[in-house]
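sequence? don't have it. structure:
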């Protein structure tokens, strides 16, 4: 299913950032996060357009057996970093990382190599990251 969604998103001029399946208040959500191919944000009309294309396909080939809501959106200004590719595309940005040992690091993402990232001149193994996202300082 992911490959089909990726192809549809790319055929419409966008890049698939991530797919998330979640449950909130007893409702299930199938969320598709998209970006422009250059990594910039998409607008509401662009998300709605992709949703209109995918929705009838999902009526035929359901991605989940239970009832769900389909959402297509931007990953946001503080987007989650789950894959090494997400980190690579965020070099130069400020990131907030929660480590598996409970510590937190906020700083500029300087480099990404194989399974390690460099934040504030500190080399971090990808396997020691519990949660990470880009970080925007609201002023």
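That came through, no problem. Note that the structure is predicted; figures quoted are calculated from it, not measured. Numbers count the residues shown, from 1 in each chain.

Now do the domain split for this structure, please.
For the chain, automatic domain parsing gives the domain ranges 2-73, 84-134.

end-to-end on the shortest one?
Meaning domain 84-134. For domain 84-134, the first-to-last residue distance is 13 Å (CA to CA, to the nearest Å).

Please apply the same query to the longest one.
According to CA to CA, domain 2-73 extends 16 Å from its N-terminal end residue to its C-terminal end residue.

Output the contacting helices and strands for the longest helix along the chain.
Using DSSP state H, we find that the single longest helix of the chain is helix 44-60. Taking 3 or more CB pairs under 8 Å, 6 or more residues apart in numbering; DSSP states H and E as contact, the helices and strands that helix 44-60 lies on are helix 2-11, strand 27-36, strand 69-73. Bear in mind the C-beta positions are built from the backbone N, C-alpha and C, glycine included.

Relative to its centre, which residue of the protein is most distant?
Most distant from the centre of the chain: residue 60, at 25.6 Å, with distances by CA atoms, centre = their mean.

quick check: mean pLDDT across stretch 123-138?
What stretch 123-138 shows for mean pLDDT is 93.

Likewise for stretch 23-42?
Rounded mean pLDDT across stretch 23-42 is 92.

And that stretch, what's buried?
30, 31, 32, 33, 34, 35, 42 (16 or more other CB atoms under 10 Å).

will you turn those into CSV that also has distance to residue 49?
CSV is the format used below for the buried residues of stretch 23-42 (distance: CB to CB, whole Å):
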residue, distance to residue 49
30, 17
31, 16
32, 12
33, 15
34, 10
35, 14
42, 9
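
Between the residues you listed, which sits nearest residue 12?
Residue 12 lies nearest to residue 34 out of those, by CB to CB, at 8.7 Å.

check contacts around the closest one.
Residues in contact with residue 34 (CB atoms under 8 Å, 6 or more residues apart in numbering) are 9, 14, 15, 16, 17, 42, 46, 47, 50, 72, 73, 74.
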